[in-house]
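Asks: any chance you can model this:
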Amino acid sequence: MKFFKTVFGLLLCSVIFSCTHEEEAPFSNPSIVGNWQLSAMEYTGVSKVSFNGVNNEHAFSGEASEIDFILDLSESPNTFTSEGGYLITLAFMMMGQEIKMPVRIDDFLGEGSWEINGDKLKVTSKGNPSDEMKILKLTEHELILEGDASRHVDESNALMSTTISATLRLNR
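Replies: I've put the predicted structure just below:
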């Protein structure tokens, strides 16, 4: 009888503990369509500047704060609009010193079109090249994206190039 009580107690405990915390699956198949609020953003990157034969390269990292960015994804057609922005505090090394520089970013996506192919979200903003981000998590209430972006500017005698790897967390 003691053996059955022990087995029953272990079975009951395993059922109770396995059902007490439900996590949302990384892809529980909800729609990405809707209104999303950026809640966190981190990125790393490299800026390269070449001017009159002199080359400079700086690695940097950044974390967003003072976030008021909203992304609205619509379908039929797949378009998006965005508003607001965030404050990014960039940290980089210059002449052996760590520099932290706050930069306000507003209207960084604007409006355009979007498409999903597998676990990739591709956005094309009006007037900018397309950016593709990997969907790390998509649930009814959370969207986590990871992606890389590069921008190049060639003006007069200066060539500027920036590459960024970012992780965005959005909620609704």
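
Asks: which stretches of the protein have low pLDDT?
Replies: Scanning the chain for pLDDT under 70 picks out the ranges 1-29.

Asks: where exactly do the helices run in it?
Replies: Using DSSP state H, the helices of the chain run over 2-19.

Asks: the strands in it, which residues?
Replies: All strands of the chain, identified by DSSP state E, fall at 34-51, 54-65, 70-74, 79-83, 85-94, 97-106, 111-117, 120-125, 131-138, 142-155, 158-171.

Asks: can you redo those as a markdown table with mean neighbour count?
Replies: Backbone N, C-alpha and C define where each C-beta goes, glycine included. Shown next, in a markdown table, are the strands of the chain (neighbours: other C-beta atoms under 10 Å):
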| stretch | mean neighbour count |
| --- | --- |
| strand 34-51 | 16 |
| strand 54-65 | 14 |
| strand 70-74 | 17 |
| strand 79-83 | 16 |
| strand 85-94 | 16 |
| strand 97-106 | 10 |
| strand 111-117 | 14 |
| strand 120-125 | 17 |
| strand 131-138 | 17 |
| strand 142-155 | 15 |
| strand 158-171 | 16 |
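
Asks: count the neighbours of the nearest residue to residue 31 once chain neighbours are set aside for me.
Replies: Nearest non-adjacent residue to residue 31, counting by C-beta to C-beta, 6 or more residues apart in numbering: residue 75, 7.9 Å away. Applying other C-beta atoms under 10 Å, we find 11 residues neighbouring residue 75.

Asks: which residues does the residue nearest to residue 61 when sequence neighbours are not counted form a beta bridge with?
Replies: With sequence-adjacent residues excluded and distances taken as C-beta to C-beta, 6+ apart, residue 61 is closest to residue 44, at 4.7 Å. Applying DSSP bridges to residue 44 yields these beta-bridge partners: residue 61, residue 165.

Asks: likewise for the one 4 residues further on?
Replies: Beta-bridge partners for residue 48, by DSSP bridges, are residue 57, residue 161.

Asks: wait, what's in contact with it?
Replies: Counting by C-beta atoms under 8 Å, 6 or more residues apart in numbering, residue 48 touches 55-57, 159-162.

Asks: ok, which pair from those residues is furthest apart?
Replies: Spatially, the most separated pair among those is 55 and 162, at 14.3 Å (C-beta to C-beta).

Asks: which residues sit against stretch 55-68?
Replies: With C-beta under 8 Å, 6+ apart, stretch 55-68 has contacts from 37-50, 84-94.

Asks: then stretch 134-149?
Replies: 24-28, 30, 32, 36, 116, 119-121, 131-133, 163-172.
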